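In: predicted coordinates and the sequence they were generated for:
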Amino acid sequence: MPLDRRAATRLRSQGARGFALMIARMKAVRFTARSVPFVFALITIAAYGLMLPLTGFYWDDWPFAWIARFLGPSEFIPAFRGFRPFLGPIFFLTTSLLPADPILWQTFALLVRFLAGLAAWSTLDQIWPRGRRLTLSASLLFLLFPGYSQHWVAFTHINQEWVSLIAYLLSFGLSVRAIRDPRISLATSAAALLLQCVALLPTEYFIGLELLRVFFFWAVFSETVDGWGARLRAGLKAWWPYMLVWLINAGWLAYYYGSGLYVSYDLTTATGVPAPREFILVFGDALVKAGIYVWLQVLPLVSGSLSTPTGMATIAMIGMAFLLLVFYLTRWDEQSAHTPTKQSRGRALHTRGDRGANVNYARAALLTGAIGILLGRIPSFAAGLPLTLQSSFDRLTIPMMLGASLFVAGLFELLIPRLRARMILLAAVLGLGVGQQFFNANIFRRDWQRQQEIYWQFAWRMPSLKPGTAILTQQMPLDYETDLAMTAAVNWMFAADVEPPDLPYAVVYTEKRLGGDALPELEPGIPMELPLRTMKFKGSTSQAIVVYVPASGCLRVFDPAFDDAETYSRFPESLTAAIPLSDPSRILTHAISQDLPTPPFSRAPVGGWCYLYEKAELSRQVRDWENIVDLHTQAMDEGLSPSDPFEWLPFIEAEALTGDIPWAVRITRRTLQDEPRLEPGLCALWKRVHLTAPQGSPVPSPDMLAEIGCDG
């Protein structure tokens, strides 16, 4: 026994020494600037990549992907001629290299986000080479900036904004490098000017950012030039070639927008010079939202869903990111970033002189960042667009990202003098950024899943459609799709070939398009026109089907023959007023059902209630009641039932017409208890049963009909 105790004591002692040695080694770990790309890659994957296989196309991704697949990359040149003529070549280049596959574009977006973070780091490192902890902080904030939630709208925003933003970041960095190294000044300046053109010409988003270059030049000349006036003169002298390009672009935009060539979206543009009070309010709103609130917004968002899998996973992501970032940031060796050799890693990172220099850098970053937020807000303010977070409008924060990141990094440096405390707070804020983007990824994941469910329900209910069919509906229960996006998807599903400029099919949202060319009025025989870039759908309200997709339930095709106007009479008028226009005969019911093309669509779900329901509705359209009964039997065998009581209608009618009156009456009563709005539809159904039941078959008595609320 004594030997066993001594052995156990030795083992515990060895374990304690091993643990202490491990802690000591962890404390001795130092990260140099060489670690930055690796760490940026890990953060990018954690924030944006974990849901990547489960995300797809959103918003304008669908029309752009459809153009690339069916019309070819060269079609983007005329497609953008009336919108942003210099944007077409970017789409042409990227779509020539990358097919219209959602996974490939999401992977490309991940790479682009990583490269943008590196570009920001490289640029800021050129501007403040002696303040690399500050520039690392700003670059990490830029990489995770949570005010922009549209990362997963990859096809659209890579081409429309991110290529230009990366070009601008690199242009800033190269122009500063040209000042610092006169030996390569000419070639580097030429490259910076070329990248400036790539940044400015395709989009007006970044026109305000050019003035940041003056502040960056000021920061560079402050190292060697004394006096504000001398620095300003030196900065303006270096800036004049870039100013010339900027003014030429501004003149071009003024001409283009005023020439009548510009045919983009109808916007309420600001007129005249805004009043000082209005300007202060707009700028203050942008500063608070982009500079402060965006880093905290995940807290109220996740607080309402703490018990859900997404909420718990988001909290876990925040915690893990915080711990890993604390470990990294508190061990990042700024001195080795300056001079990797002959530096003692054990000495303090901030002497008093270093602290004074860093305070100056922080003040410059804070001021430049605040001005950058203002300059980034000017284009959208001039266009009359709101700055609304967690919406499609938060894409307007893209030109504010660099300024907002500098603002926060400078603010932390000034307010928190202790290095370790500052790095811990930075890690906490960055952890919230990781959590915010992970939370956003799950929103897009759920939207893509719901999209695929709806598209497969289209395919099950409509084996094929007659060309020239308009699909009228309310806003779909989707967060990131318009009717134009669904128009592209439906044409991808039903039209293997197209003949420009004729678009075979269109999806039209009634509550948004009513009164315009796409849907002048809800009367038969009215011409309809819906443009999709260079293509145009031309149809008629007499060649339409009306569909409805509830938030929780399956797609329905309205059929006036089954009294759907009465069945759905208690729904919004924007939906019910269109039901008389629905002509289900435009669905080719005997066509051979085909699988949707993959990509972009997912593989067909295996079974499920909605599959059986859509097949039952298709059978009801051709009055195949026996097949509906078989589908009902299959559903019962598989334990399936609807989440929306309206979906019992075809099965109640089929069972009633084929003789199982007791079951049909029992389900009718139960359905009325669950959904009182169904009373008009169920009464209309039983009236049809009375009129169409085969002679001699059992029918409910008038007393039974009165019992369930119908007058017989």
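Out: Thanks, I have it. All figures in this text were calculated on a predicted structure; none of them were measured in a lab.
In: rest of the way, CA atoms for contacts and neighbours
Out: Noted.
In: low-confidence stretches in the stretch 501-650 of the chain?
Out: The stretch 501-650 of the chain contains no residues with pLDDT under 70.
In: which parts of it are strands?
Out: Counting by DSSP state E, counting those that start in this stretch, the stretch 501-650 of the chain has strands at residues 506-509, 527-532, 535-540, 544-548, 556-557.
In: determine which stretch of the ones you listed is the most buried.
Out: Counting by mean count of other CA atoms under 10 Å, strand 506-509 has the highest mean neighbour count of the strands of the stretch 501-650 of the chain, with a mean of 26.
In: ok, residues contacting that strand?
Out: 469-475, 483-484, 486-488, 490-491, 518-519, 530, 537 (CA atoms under 8 Å, 6 or more residues apart in numbering).
In: make it 7 Å
Out: Strand 506-509 is contacted from outside by 469-475, 483-484, 486-487, 537, using CA atoms under 7 Å, 6 or more residues apart in numbering.
In: quick check: neighbours of it in the sheet, parallel or antiparallel?
Out: Note on strand 506-509: by DSSP bridges, its sheet partners are strand 470-473 (parallel).
In: quick one: the helix or strand just after the partner strand to strand 535-540, angle?
Out: Scanning forward in sequence from strand 470-473 by DSSP states H and E, the next helix or strand is helix 483-494. Interaxial angle, helix 483-494 versus strand 535-540 (axes from the mean of the first three to the mean of the last three CA atoms, to 10 degrees): 90 degrees.
In: helix 483-494 to strand 527-532, inter-axis angle?
Out: Going by the same axes, to 10 degrees, helix 483-494 makes 90 degrees with strand 527-532.
In: tell me which residues in helix 483-494 are buried?
Out: Across helix 483-494, burial judged by 16 or more other CA atoms under 10 Å covers 483-494.
In: ok, stretch 634-641 next?
Out: Result for stretch 634-641 [16+ other CA under 10 Å]: buried residues 635, 640-641.
In: first to last residue in it, what's the distance?
Out: Stretch 634-641 has an end-to-end distance of 11 Å (CA to CA, to the nearest Å).
In: output the below-cut-off pLDDT ranges for this protein.
Out: 1-29, 259-274, 334-357, 695-704, 707-709, 711-712.
In: recalculate using a threshold of 80.
Out: Filtered on pLDDT under 80, the chain yields the residue ranges 1-30, 256-277, 279, 333-358, 593-594, 692-712.
In: and the residue nearest the centre of it, how far from Leu115?
Out: Nearest to the geometric centre of the chain sits Gln150, at 3.3 Å (CA atoms, centre = their mean). Gln150 sits 17 Å away from Leu115, taking CA to CA as the criterion.
In: one more: Ala496?
Out: In terms of CA to CA, Ala496 sits 37 Å off from Leu115.
In: beyond the host helix or strand of Leu414, next helix or strand please.
Out: Counting by DSSP H and E, the element that carries Leu414 is helix 401-415. Sequence order places helix 419-461 as the next helix or strand after helix 401-415, per DSSP H and E.
In: now do the SS call for Pro146.
Out: Following DSSP: H, G, I helix; E, B strand; the rest coil, Pro146 is assigned to coil.
In: quick check: it touching Gln436?
Out: Yes - assessed by CA atoms under 7 Å, Pro146 is found in contact with Gln436 at 6.1 Å.
In: what ranges do the helices span in the stretch 101-250 of the chain?
Out: Applying DSSP state H, counting those that start in this stretch to the stretch 101-250 of the chain gives helices spanning 102-127, 132-144, 154-157, 163-180, 185-200, 210-221, 228-258.
In: nearest to Leu374, out of the ones you listed?
Out: Nearest to Leu374 among these is helix 210-221; the distance by CA to CA comes to 10.6 Å.
In: for that closest one, buried residues please.
Out: For helix 210-221, using 16+ other CA under 10 Å, the buried residues are 210-221.
In: hmm, who's touching that helix?
Out: Here helix 210-221 makes contact (CA under 7 Å, 6+ apart) with 127, 172, 176, 231-232, 235-236, 239, 368, 372.
In: pick the one among those closest to Leu281.
Out: For the contacts of helix 210-221, the residue nearest Leu281 by CA to CA is Gly372; the value is 16.3 Å.
In: burial of Leu329, as a residue count?
Out: 21 (other CA atoms under 10 Å).
In: same check on Val288?
Out: By the other CA under 10 Å criterion, the neighbourhood of Val288 contains 13 residues.
In: part of a strand, is it?
Out: No - under three-state DSSP, Val288 falls outside any strand and is assigned helix.
In: show me what contacts it?
Out: The contact partners of Val288, taken as CA under 7 Å, 6+ apart, number zero.
In: still on that earlier bit, in TSV: the buried residues of stretch 634-641, plus distance to Val507.
Out: Formatted as TSV, these follow (distance: CA to CA, whole Å):
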residue	distance to Val507
Ala635	31
Leu640	30
Ser641	29
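In: take those residues and keep only those in helices.
Out: Ala635 (DSSP state H).
In: shouldn't Ser305 be within a helix?
Out: No - per three-state DSSP, Ser305 lies outside any helix segment and is coil.
In: start at 18 instead
Out: Sure thing, new numbering starts at 18, so read that last one as Ser322.
In: next, count neighbours for the closest residue to it other than its chain neighbours.
Out: Excluding the flanking residues, the one nearest Ser322 by CA to CA, 6 or more residues apart in numbering is Gly328, at 5.1 Å. Neighbours of Gly328 under the rule other CA under 10 Å: 19.
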